[in-house]
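Trainee: Please work out how this folds:
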Amino acid sequence: MCVLVKLYKRAIKDFEIKQGPGAGSIILISAAAMIDGKRVAALYRWQWGVMIDGKIVWYDLDSTPKHRTIAINMPLETAVFFRKAVTTTKGGAGKFCKEKCITPK
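Mentor: Sure, this is the predicted structure:
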């Protein structure tokens, strides 16, 4: 008898956001920082913003050494934008990614 095992690779997105566990909390997840296919230590910079007069006004969240964080006390029932940038010792400071939008509940 031959047993066939299928291994699935999860598609890793560069940046994703989703509702957090409490009211006004959002989970931010970045792909791990990699250089030449290998993970490297990094500092993840996070920002959130709201649209005011047709422009997004950005506010800094605390930077983290981990590729995931939770933003708390976000305004409820309002479109909130998030973006991230990664800084590594080998690659330097990266640019902010394209923003993503969610309405915290």
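Trainee: which residues of the protein fall in strands?
Mentor: 15-19, 26-30, 34-35, 38-39, 42-52, 55-60, 68-71, 80-88, 92-93, 100-102 (DSSP state E).
Trainee: how big is the angle separating the second one from strand 80-88?
Mentor: Inter-element angle recorded for strand 26-30 and strand 80-88: 30 degrees (by axes from the mean of the first three to the mean of the last three Cα atoms, to 10 degrees).
Trainee: Which parts of strand 26-30 count as buried, going by neighbours?
Mentor: 26, 28, 30 (16 or more other Cβ atoms under 10 Å). In short, each C-beta sits where N, CA and C put it, glycine included.
Trainee: would you list those residues in CSV and tack on pLDDT and distance to residue 49?
Mentor: Output for the buried residues of strand 26-30, formatted as CSV (pLDDT from 0 to 100; distance: Cβ to Cβ, whole Å):
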residue, pLDDT, distance to residue 49
26, 97, 12
28, 96, 13
30, 94, 17
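Trainee: Identify, from the residues you listed, the entry nearest to residue 104.
Mentor: Set against residue 104, the nearest of these by Cβ to Cβ is residue 26 (5.9 Å).
Trainee: count of neighbours near the closest residue to the closest one other than its chain neighbours?
Mentor: Excluding its sequence neighbours, the residue lying closest to residue 26 (Cβ to Cβ, 6 or more residues apart in numbering) is residue 71, at 4.7 Å. By other Cβ atoms under 10 Å, 21 other residues sit near residue 71.
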